[in-house]
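Colleague: Structure for this input, please:
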Amino acid sequence: MIKSIQCPVSSSVQLPNGNIVFGCNNGNILIYNPFNWSLISTLSSHTGSIFSLAALKNGNLVSGSYDNTVKVWNMSTGTVIKTLTE
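Modeller: Below you'll find the model as predicted:
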């Protein structure tokens, strides 16, 4: 069981490698190991709540936020590959 998530969760998705991703109302994205529920990483780039997450077959992640951006993340490095704006 997850001991503590430091934010209200607004969305979630499972990555192809099995990790669980939570999008938070504070704009952070949390990646958890599903076997021991340890926090693997926190991705921070959005300035608004995360409202949507999608896992791509290649292992990358797409996040949509109320900051009016969509970001594509390289999950191997935890960096933003592309930011789409309105």
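Colleague: okay, CA-based contacts and neighbour counts for the rest of this
Modeller: OK.
Colleague: in this structure, which residue is closest to the centre?
Modeller: With distances taken as Cα atoms, centre = their mean, the residue of the chain nearest its centroid is Ile29 (3.6 Å).
Colleague: Quickly run through the sheet partners of the helix or strand that contains it, with directions.
Modeller: If you go by DSSP states H and E, Ile29 is part of strand 28-32. Partners of strand 28-32 in the sheet, by DSSP bridges, are strand 20-24 (antiparallel), strand 39-44 (antiparallel).
Colleague: Make CSV from these and add mean pLDDT to it.
Modeller: Converted to CSV, those look like this (pLDDT from 0 to 100):
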stretch, mean pLDDT
strand 20-24, 95
strand 39-44, 94
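Colleague: Can you lay out those as JSON lines showing mean neighbour count and distance to Thr77?
Modeller: Formatted as JSON lines, the strands paired with strand 28-32 follow (neighbours: other Cα atoms under 10 Å; distance: least, Cα to Cα, whole Å):
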{"stretch": "strand 20-24", "mean neighbour count": "23", "distance to Thr77": "15"}
{"stretch": "strand 39-44", "mean neighbour count": "15", "distance to Thr77": "10"}
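Colleague: Please name the residues that touch the closest residue to Asn33 other than its chain neighbours.
Modeller: Using Cα to Cα, 6 or more residues apart in numbering and skipping residues adjacent in sequence, the residue nearest Asn33 is Asn19, 5.2 Å away. Counting by Cα atoms under 8 Å, 6 or more residues apart in numbering, Asn19 touches 31-34.
Colleague: again, but for Trp73
Modeller: Contacts of Trp73 by Cα under 8 Å, 6+ apart are 60-63, 79-82.
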